[in-house]
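Trainee: Here is the input, now give the coordinates:
(2 chains)
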Amino acid sequence: MKNKQKSIWVFGDYRNYYQNRVTLQLISKAMDLAKSINAEVCALIFGYEIEEWIMEYTAHGADRILAIDDPALKSYSTERYLAIMEALVKERDPEIILIGATDFGREFAPRLAKRLKTGLSADCVGLEIDATGLLVQIAPSFGGNMLAEIVTEYHRPQMATVRPGTFKEIPHDNRRKAQVERLSLMKGLPQPRVRLIEYERCAEKEHSIENAQVIVCGGRGMGNKNNFVKLHELARLLGGGVGATRPVVYAGWADHNSLVGQAGKHIKPKILFSFGISGAIQHTAGLGEADFIVAINKNPQATMMKMADVAMVADAGDVLHSLIKELKRRIRE
Amino acid sequence: MLQLVVCIKQVPMVTELPWDEKSGTLRRDLAPGMMNPACKHALEAALQIKEKYSAHITVITMGPPAAKEVLYEALAMGADSTILICDKIFAGSDTYATSWILAQAIKKQCANVDLILCGAFTSDSETAQVGPQLAERMNVPAVAYVEKIEVNGKTLRVRRIVDNFRETLEMECPALVTISMENYLPRYAGLGGLQRAFGEHQIDILDAAALGVGVGDVKQEGSRTKVRRVFLRKTDKENVFLTGVAVNVVSEFLNKYERKISTVIGKSIEGKNRTNEE
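Mentor: So this is what the prediction gives:
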């Protein structure tokens, strides 16, 4: 084939559109990358009654849209989407495929990469095109304390899942046009082997702290369980979650679910409050991607205090008490 | 009796490692290792299935000879047999290659497997890709981020929460699950258990030849990605210290960062004495 137009594909992950606009962010980044390799940006939408997403992705910059609108695609199915994507990629041969690093994306993308016999990097926090036209994928490792530059040199497509919130979407513009291809669902797709018995939407806060924007962590410096429990009140005021160190979990002040660090969760909040935590490596290993750290400790020499953006040298319990009181007052106003 | 295979990984017990330019790999040998936490949860899930329904648990890891340590720990926790896949030609494998090698070992040693359990992700490279890719290699149905498993004959009912959906799914054995860290709190190996494991068990070591894998196969199914370099995330923090009485420290802090906090939490905590707000 001569001078075939290169294409960057963005998988349309629309299920949690109102909380998570990663697809729009990826379309925007793909437009950016497309300039360097002279490619078009193509968004894929599989589902039922998907006009809304076709309009949305068009208004946010896609050049082309491949849409399959079929009642059989009413709910997300990894296996169905895999079969569809595999067929489309083999037919059209995109240069790059970007997929949001949602739970769905991170289960779907590796299986697709295996079927396409190509490379995949995970949860990227940076993407660029190098001098040779390769996609350089910057992926976090070791709880985000380290970053790796990854390339897929000899296989196509180059694939990456990308952390939501990494790139900025471009503003909605109704005047934008895309070439919309409405395809019909391929015949003879295998019947999914995993059966969805029931599902319901649940509130975000019910689930883990791994995706919380604000996390209030407490350590032994909280003194006792009663003090520790008050961290939940602060977390509620801030719309965040509560994390804990290992000694605190062992003492029974907090559930194992809230353990942050090497043996627990890796967290990536925009703001982390760290109350009475000295900063042993078992804990700090989970904090590599905390954006802004506020540490409260009587001991200014504590490791946690040196890692912090703001370090308050004071009794953790006293600061917690004042902070809750002051925030309540300010929010009421 | 159910045949369970748990795939585990030994990970370095550190938050950073030096990058070796020459070999293009991290100097993992410099750090003490531990069983990856999510893998431990997967093993715990297998142990609970064994207690409830009776099962045989084979634990597999790929790594250097030192990775034996995590297999002994697995035995001490209650696993029945172990396999260490160890060969220099497997070093530096990405998830594409790793899933292929694991699949070769399972097909060879545990051909009648009913359920493969993996940790949802590792604490070092954090890709969460090996489990799903192994499912493709084994051509079995799979569910990731599982929090609860019930077994009914050869039917598996699993629960999970993904992207804010609480889901209940079913599939038939043989199948694969990756286990999240929400549930299945791992038990302790205990010193006695460890001593017994060291005393009573022989760890089977499989190299490429034992797996029936040649250099050509490794090329064919080998890594697709290349790590160009690994570097420390740079941190240029201001590290502001606030000292004094708690009440004062708190109001100093809020006054200084009220805008930042308001933006993140999506509601205003900015003081009233500020100028013209909209």
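Trainee: In stretch B:230-241, which residues are buried?
Mentor: Neighbour-count burial for stretch B:230-241, with 16 or more other Cβ atoms under 10 Å in any protein chain shown as criterion, is recorded at B:Val230. Backbone N, C-alpha and C define where each C-beta goes, glycine included.
Trainee: any residue of it up close to chain A?
Mentor: Yes. Part of stretch B:230-241 sits close enough to chain A to count as contact by Cβ under 8 Å from any Cβ of the partner chain, namely B:Val230, B:Phe231, B:Leu232, B:Arg233, B:Lys237, B:Glu238, B:Asn239, B:Val240, B:Phe241.
Trainee: Give me the subset of these lying in strands.
Mentor: If you go by DSSP state E, these have B:Val230, B:Phe231, B:Leu232, B:Val240, B:Phe241 in strands.
Trainee: Now pLDDT too, for those residues, in TSV please.
Mentor: Shown next, in TSV, are those (pLDDT from 0 to 100):
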residue	pLDDT
B:Val230	89
B:Phe231	86
B:Leu232	82
B:Val240	94
B:Phe241	95
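Trainee: State the pair within those residues that is farthest apart.
Mentor: Greatest spatial distance in these: B:Val230 and B:Phe241, 32.1 Å, computed using Cβ to Cβ.
Trainee: Show me what from the stretch 1-150 of chain B comes close to chain A.
Mentor: B:13-17, B:34, B:37, B:94-96, B:99, B:123-130, B:132-133, B:135-137, B:141-145.
Trainee: Just the buried ones from those?
Mentor: B:14-17, B:34, B:37, B:94-96, B:99, B:123-130, B:132-133, B:135-137, B:141-145.
Trainee: out of these, which are inside helices?
Mentor: Taking DSSP state H, the ones among these that sit in helices are B:Pro37, B:Thr95, B:Tyr96, B:Ser99, B:Val130, B:Pro132, B:Gln133, B:Ala135, B:Glu136, B:Arg137.
Trainee: shouldn't the second one be in contact with A:Pro110?
Mentor: By that I understand B:Thr95. Yes. Under the criterion of Cβ atoms under 8 Å, B:Thr95 makes contact with A:Pro110 at 6.6 Å.
Trainee: Spit out the residues that contact these two alike.
Mentor: The contact sets of B:Thr95 and A:Pro110 overlap at A:Leu120, B:Thr127, B:Gln129, B:Val130, B:Gln133 (Cβ atoms under 8 Å, 6 or more residues apart in numbering or on different chains).
Trainee: Look up the closest residue to the second one, ignoring the ones flanking it.
Mentor: Leaving aside its sequence neighbours, B:Thr127 sits nearest to A:Ala122 (Cβ to Cβ, 6 or more residues apart in numbering or on different chains; 3.9 Å).
Trainee: Please identify the helix or strand for the one you found.
Mentor: Following DSSP states H and E, one finds A:Ala122 within strand A:120-124.
Trainee: Does anything pack onto that strand? Which helices or strands?
Mentor: Secondary structure elements in contact with strand A:120-124, counted by 3 or more Cβ pairs under 8 Å, 6 or more residues apart in numbering or on different chains; DSSP states H and E, are helix A:103-115, strand A:135-141, strand A:158-162.
Trainee: would you turn those into JSON lines with mean pLDDT, distance to chain B and mean neighbour count?
Mentor: Output for those, formatted as JSON lines (pLDDT from 0 to 100; distance: least, Cβ to the nearest Cβ, whole Å; neighbours: other Cβ atoms under 10 Å in any protein chain shown):
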{"stretch": "helix A:103-115", "mean pLDDT": "97", "distance to chain B": "4", "mean neighbour count": "25"}
{"stretch": "strand A:135-141", "mean pLDDT": "94", "distance to chain B": "5", "mean neighbour count": "24"}
{"stretch": "strand A:158-162", "mean pLDDT": "97", "distance to chain B": "9", "mean neighbour count": "29"}
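Trainee: Would you convert the ones you listed into TSV that also reports distance to A:Thr303?
Mentor: TSV is the format used below for the helices and strands packed on strand A:120-124 (distance: least, Cβ to Cβ, whole Å):
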stretch	distance to A:Thr303
helix A:103-115	31
strand A:135-141	21
strand A:158-162	32
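Trainee: Quick one: the helices in the stretch 101-250 of chain B, in order.
Mentor: Taking DSSP state H, counting those that start in this stretch as the criterion, the stretch 101-250 of chain B carries its helices at B:130-138, B:191-200, B:208-211, B:215-221, B:246-265.
Trainee: Distance check, B:Ala31 against A:Ala285.
Mentor: Spatial separation of B:Ala31 from A:Ala285 under the definition Cβ to Cβ, to the nearest Å is 11 Å.
Trainee: A:Arg193: what secondary structure?
Mentor: Put simply, A:Arg193 is coil when judged by DSSP: H, G, I helix; E, B strand; the rest coil.
Trainee: what sits against it?
Mentor: So, once contact is read as Cβ under 8 Å, 6+ apart, A:Arg193 ends up touching A:Glu79, B:Pro141, B:Met171, B:Glu172.
Trainee: Which pLDDT does the model give it?
Mentor: According to the model's per-residue confidence, A:Arg193 sits at a pLDDT of 97.
Trainee: Check the gap between it and B:Leu169 for me.
Mentor: For A:Arg193 relative to B:Leu169 (Cβ to Cβ), the value is 10 Å.
Trainee: So what's the residue count around residue 245?
Mentor: No chain specified, so I'll use chain A. Other residues near A:Thr245 come to 32 when the count uses other Cβ atoms under 10 Å in any protein chain shown.
Trainee: I was thinking of chain B, sorry if that wasn't clear
Mentor: B:Val245 sits with 12 neighbouring residues when counted by other Cβ under 10 Å.
Trainee: Name the nearest residue to it, ignoring sequence neighbours.
Mentor: Of all residues not flanking B:Val245 in the chain, A:Ala314 sits nearest, at 7.4 Å (Cβ to Cβ, 6+ apart).
Trainee: what do you get for A:Arg182?
Mentor: The shortest distance from A:Arg182 to any residue that is not its chain neighbour, by Cβ to Cβ, 6+ apart, is 5.3 Å, and that residue is A:Ala67.
Trainee: measure the residue in the stretch 151-278 of chain B positioned nearest to chain A to A:Lys177 for me?
Mentor: At 3.2 Å from chain A, B:Arg224 is the closest residue in the stretch 151-278 of chain B, using Cβ to the nearest Cβ. The spacing between B:Arg224 and A:Lys177, counted by Cβ to Cβ, is 36 Å.
Trainee: can you pull up the bridge partners for the nearest residue to A:Cys202 once chain neighbours are set aside?
Mentor: Setting aside the residues directly before and after it, A:Cys202 is nearest to B:Arg166 in space (Cβ to Cβ, 6+ apart), at 4.8 Å. Per DSSP bridges, the residues bridged to B:Arg166 are A:Glu200, B:Ile161.
Trainee: Is B:Arg166 in contact with A:Glu200, as I believe?
Mentor: Yes. Judged on Cβ under 8 Å, B:Arg166 makes contact with A:Glu200 at a distance of 5.3 Å.
Trainee: Next, the contact list for B:Leu71, please.
Mentor: Applying Cβ under 8 Å, 6+ apart to B:Leu71 gives the contacts B:Ile8, B:Val59, B:Thr61, B:Ala79, B:Thr82, B:Ile83, B:Leu84, B:Ile203.
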